[in-house]
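Participant: Please work out how this folds:
(one chain, ligands or ions: 1)
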Amino acid sequence: MKPKKPRVAIQGIRASFHEEAAFRYFGEDIITVECNSFKQTFESLKNGEADYVVMAIENSIAGSILPNYSLLMSYSFPVVGEVYLPIQLHLMALPGVRFDDVKYVTSHPIAIRQCVDFFDEYPHLKIVESNDTAACAKRIRDEKLTDTVAIANTLAAKLYELDVLERRIESNKKNFTRFLILTTHENAKVASPDKASLCFQVSNEVGALAKVLNIFAEQGINMSKIQSMPVLGKPNEYNFYVDVEWEETRKYELTIKQILKYTHNFNILGEYKRYFEESLHERPVPKRSAEKRYIDIKKINNK
Ligand SMILES: O=C(O)C(=O)Cc1ccccc1
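Facilitator: Next up is the predicted model:
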């Protein structure tokens, strides 16, 4: 019998960066379940409408996507994998549109922020934010907009039949977004994990967090990320979200046993295989300009 295609819930529509991340993890033979919000992706997993969720958790320029950390805790579906995706941004328009005639640029705010150097050169362009790069491309096609370009990926250009006017307009060519893969508890079997996402609280007293971090260090467990989030309604209390990586499973298991004594509300959000790709470790490509600036969206809009 042919294996069933995985149904993968994403925030956004087909050809968005979330779908590109899903393709990178599962291959292209999937059923994409389009959702209007991250919360809805978890709901579709809960209702059995999807088998997996792919959700962005951090970006190398924009930083952590904090509301998504809270979703991990509130739904407690296990993390079973991760994927890093380079965010390569292209400018696209309806076939026949000339760049000189364009007045509006539309995209996701993260994508817009990543093209500052490009926009510095064209300050007359008005910026229109939307919550999905692919939806911007689709709107140009559906509404036959001849005065608008979208910033999106090549999947969107192909699916929504737009021409790429300018390739790779992102300012930083080494910009990655990290996505987590989640599924239901019944589905969550990961062979030989070497990375885990943990969440815990420590008491508000001298050295409480340092004690936990020292245990990681003593056992040779590498902490690849730490993120704190306030506990709602409890001043000075935080959830610490920590990612750890190990070479020897025995040492990881020992560490967990030890830190249980120094933490409370301890949760293992998932144990999985760390993502590795050569390109993540390449030498940096020289930047277009040494100076980094953020676009003043208001100023551009007011012109
Ligand atoms: O808008 C999209 O295509 C998304 O999937 C959200 C996003 C936007 C930019 C970087 C990473 C994810």
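
Participant: Quick one, grab the pLDDT at the residue sitting nearest the centre point of the chain.
Facilitator: In the chain, the centroid-proximal residue (Cα atoms, centre = their mean) is residue 56; its distance is 2.2 Å. We have a pLDDT of 97 for residue 56.

Participant: just the one 10 residues further on next, same as before
Facilitator: We have a pLDDT of 94 for residue 66.

Participant: same deal with residue 284?
Facilitator: 49.

Participant: following whichever strand or helix holds residue 253, which helix or strand comes up?
Facilitator: In this assignment (DSSP states H and E), residue 253 forms part of helix 249-259. Using DSSP H and E, the helix or strand that follows helix 249-259 towards the C-terminus is strand 264-272.

Participant: which secondary structure elements does that following strand contact?
Facilitator: Helices and strands touching strand 264-272, by 3 or more Cβ pairs under 8 Å, 6 or more residues apart in numbering; DSSP states H and E, are helix 66-75, strand 79-86, strand 176-183, strand 195-201. Bear in mind the C-beta positions are built from the backbone N, C-alpha and C, glycine included.

Participant: Only alpha carbons, please: show that strand as PDB.
Facilitator: Extracted in PDB, the C-alpha atoms of strand 264-272 (Å, rounded to 0.1, in the frame of the first residue of the first chain):
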ATOM      1  CA  HIS A 264       9.900  23.400  38.900                       C
ATOM      2  CA  ASN A 265       7.200  23.000  36.200                       C
ATOM      3  CA  PHE A 266       9.800  21.100  34.200                       C
ATOM      4  CA  ASN A 267       8.700  20.000  30.700                       C
ATOM      5  CA  ILE A 268      10.500  18.200  27.800                       C
ATOM      6  CA  LEU A 269       8.900  19.900  24.800                       C
ATOM      7  CA  GLY A 270      10.500  17.400  22.500                       C
ATOM      8  CA  GLU A 271      13.600  15.300  21.800                       C
ATOM      9  CA  TYR A 272      14.700  15.200  18.100                       C
END
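
Participant: quick one: the closest residue to the ligand within the stretch 151-300 of the chain and residue 262, what's the gap?
Facilitator: Here the residue of the stretch 151-300 of the chain nearest the ligand is residue 177; by Cβ to the nearest ligand atom that distance is 4.3 Å. Distance, residue 177 to residue 262, using Cβ to Cβ, to the nearest Å: 33 Å.

Participant: higher neighbour count, these two?
Facilitator: residue 177 (22 against 18; other Cβ atoms under 10 Å).

Participant: from memory the more buried one sits against residue 60, does it?
Facilitator: Yes - between residue 177 and residue 60 there is a contact under Cβ atoms under 8 Å: 7.5 Å.

Participant: Please consider this matter closed, and thank you.
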